[in-house]
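*Asks:* Sharing a model that was predicted from the sequence below.
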Amino acid sequence: MNYNNPYYYPNPYGSYQPSQSAQAYQAQPNSQGGFIGVQNENEARLYPVAPGNSVTFRDESQPNTFYTKTMGNSPLDRPTFERYRLVKEDVAAVTEATESPSKEKDIDLSAYVLKTDLQPFEDVIAAIKKDIAVLKDRTRKKPVREVDYDDE
Amino acid sequence: MNNPMQMMQMLNQIKQNPMQMLSQRFNLPKNMPSNPQDIVQHLLNTNQVSQEQVNRAMQMRKMFMK
């Protein structure tokens, strides 16, 4: 800088040097805490996001609705936009479910039968098996009739 | 630190031609659209501002717009 020169007038805007904080921030994605409040989804979609960063938005017009906009490491990458809905869970119910999980709730029992319902069929199958065994026994014992075709 | 006269000059220029001021300050390309979102995105892509600075600026803008 030449402040002794009476004709020296510095450029009021200067030449921009990237700040250290900006560079340090780029190296630590997701370091900002909290959510960015937006009025609607479109505002979140248009929100500028730095490459390699992800920003989480809270929709102020729709309760429990959140968005995330994630940019790839290259400015040419297309941003990823996701929408989430926060669902409140009953803590007592969740605890009970995790402590005593009952898988029966998820299974469609109409596709199954009881063992007692199968008992008559087992008897029928046993009777058929018995008949088959008798028939096999008879066929083994029956002599094969020899036919002499030369006589005719 | 700029003196008050320089600050006044900057303010006047911002009022008269904000795009010219931004172009000088941040070396914006000549074909850059004068859309705030595109300008901010360019500044982020070129690592001239951080996400945190943008978040703060957007928050301030929101407060002024209310």
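*Replies:* Done, it's in. The model shown is predicted, which means the values in this text are computed figures rather than measured ones. Residues are numbered from 1 along each chain as shown, chains lettered A, B, ... in the order given.
*Asks:* hey, where'd the strands end up in chain A?
*Replies:* Along chain A, the segments classed as strands by DSSP state E run A:36-38, A:54-59, A:65-70, A:80-85.
*Asks:* Point out where chain A drops to low pLDDT.
*Replies:* A:1-33, A:100-105, A:142-147, A:150-152 (pLDDT under 70).
*Asks:* domain parsing for it?
*Replies:* A:20-99, A:104-141 (automatic domain parsing).
*Asks:* is any part of stretch B:5-16 close to chain A?
*Replies:* Yes: Stretch B:5-16 reaches chain A (Cβ under 8 Å from any Cβ of the partner chain) through B:Q6, B:M7, B:Q9, B:M10. Any C-beta I mention is one placed from the backbone N, CA and C, and that applies to glycine too.
*Asks:* Stretch B:41-51 vs chain A: in contact?
*Replies:* Yes: between stretch B:41-51 and chain A, judged by Cβ under 8 Å from any Cβ, the touching residues are B:Q41, B:L44, B:N45, B:N47, B:Q48, B:V49, B:S50, B:Q51.
*Asks:* Alpha carbons only: can I get the helix or strand in which the first one is found in PDB?
*Replies:* Assigned by DSSP states H and E, B:Q41 belongs to helix B:36-45. Extracted as PDB, the C-alpha positions of helix B:36-45 are listed here (Å, rounded to 0.1, in the frame of the first residue of the first chain):
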ATOM      1  CA  PRO B  36     -29.300 -14.000  -6.400                       C
ATOM      2  CA  GLN B  37     -29.500 -17.800  -6.100                       C
ATOM      3  CA  ASP B  38     -27.100 -18.300  -9.100                       C
ATOM      4  CA  ILE B  39     -24.700 -15.700  -7.800                       C
ATOM      5  CA  VAL B  40     -24.500 -17.200  -4.300                       C
ATOM      6  CA  GLN B  41     -24.200 -20.700  -5.800                       C
ATOM      7  CA  HIS B  42     -21.300 -19.400  -7.900                       C
ATOM      8  CA  LEU B  43     -19.600 -17.900  -4.800                       C
ATOM      9  CA  LEU B  44     -20.000 -21.300  -3.000                       C
ATOM     10  CA  ASN B  45     -18.700 -23.300  -6.000                       C
END
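*Asks:* Can you give the distance of stretch B:22-38 from its chain's centre?
*Replies:* Relative to its chain's centre, stretch B:22-38 lies at 9 Å (Cα atoms, centre = their mean, to the nearest Å).
*Asks:* And that stretch, what's buried?
*Replies:* Neighbour counts over stretch B:22-38 (16 or more other Cβ atoms under 10 Å in any protein chain shown) mark B:L22, B:S23, B:Q24, B:R25, B:F26, B:L28 as buried.
*Asks:* related to what we said a few turns ago, other residues contacting the helix holding B:Q41?
*Replies:* For helix B:36-45, the surrounding residues in contact (Cβ atoms under 8 Å, 6 or more residues apart in numbering or on different chains) are A:46-51, A:75, B:22, B:26, B:28-29, B:32, B:49-51, B:54, B:57.
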